[in-house]
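Student: With the sequence up front, the predicted model follows.
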Amino acid sequence: MQRARLGSRSGMLFIFPSDGIYAFWMKNTPIPLDIIWIGSNKQIAFIKRNAVPFSEIPIVPSSNARWVLEIRGGSSQVNGFSIGDNVKINI
């Protein structure tokens, strides 16, 4: 929120204590984001591409997730990310 730009290799990873349906919104976010939900199996469970800036409409994934990654809008398509892709997370 409140960021005017986001680098092509930057993002924010949200870590949740357990799997669940975690909704996000774009309130106070002036740039489009791709939001990627990642299941405990470390596979992409859901992707919202180019989430609309300033929208207060909740984005609710159709699958449970343990992690959620926000990256610059359009990056998931440019990089060929798809539901079911494996993700490497070292925490």
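Tutor: All right, it came through fine. Residues are numbered from 1 along each chain as shown.

Student: Now do the longest strand belonging to the chain: which elements does it pack against?
Tutor: Assignment by DSSP state E gives strand 11-20 as the longest strand of the chain. On a contact count with 3 or more Cβ pairs under 8 Å, 6 or more residues apart in numbering; DSSP states H and E, strand 11-20 meets strand 65-72. Heads up, the C-betas are built off the backbone N, CA and C, glycines and all.

Student: C-alpha coordinates for the strand it packs on, PDB please?
Tutor: In PDB, the C-alpha atoms belonging to strand 65-72 read as follows (Å, rounded to 0.1, in the frame of the first residue of the first chain):
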ATOM      1  CA  ALA A  65      -2.900 -20.800   0.500                       C
ATOM      2  CA  ARG A  66      -0.100 -20.600   3.100                       C
ATOM      3  CA  TRP A  67       1.800 -17.800   1.400                       C
ATOM      4  CA  VAL A  68       0.700 -14.800  -0.800                       C
ATOM      5  CA  LEU A  69       3.200 -13.000  -3.100                       C
ATOM      6  CA  GLU A  70       2.500  -9.500  -4.500                       C
ATOM      7  CA  ILE A  71       4.600  -8.500  -7.500                       C
ATOM      8  CA  ARG A  72       4.500  -5.800 -10.200                       C
END
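
Student: Who are the packing partners of it?
Tutor: Contact partners of strand 65-72 among helices and strands, from 3+ Cβ pairs under 8 Å, 6+ apart: strand 11-20, strand 33-38.

Student: Comparing these, which comes out most buried?
Tutor: Mean neighbour count (mean count of other Cβ atoms under 10 Å) peaks for strand 33-38 among these, with a mean of 24.

Student: Show me the shaky parts of the chain.
Tutor: For the chain, the stretches flagged by pLDDT under 70 are 1.
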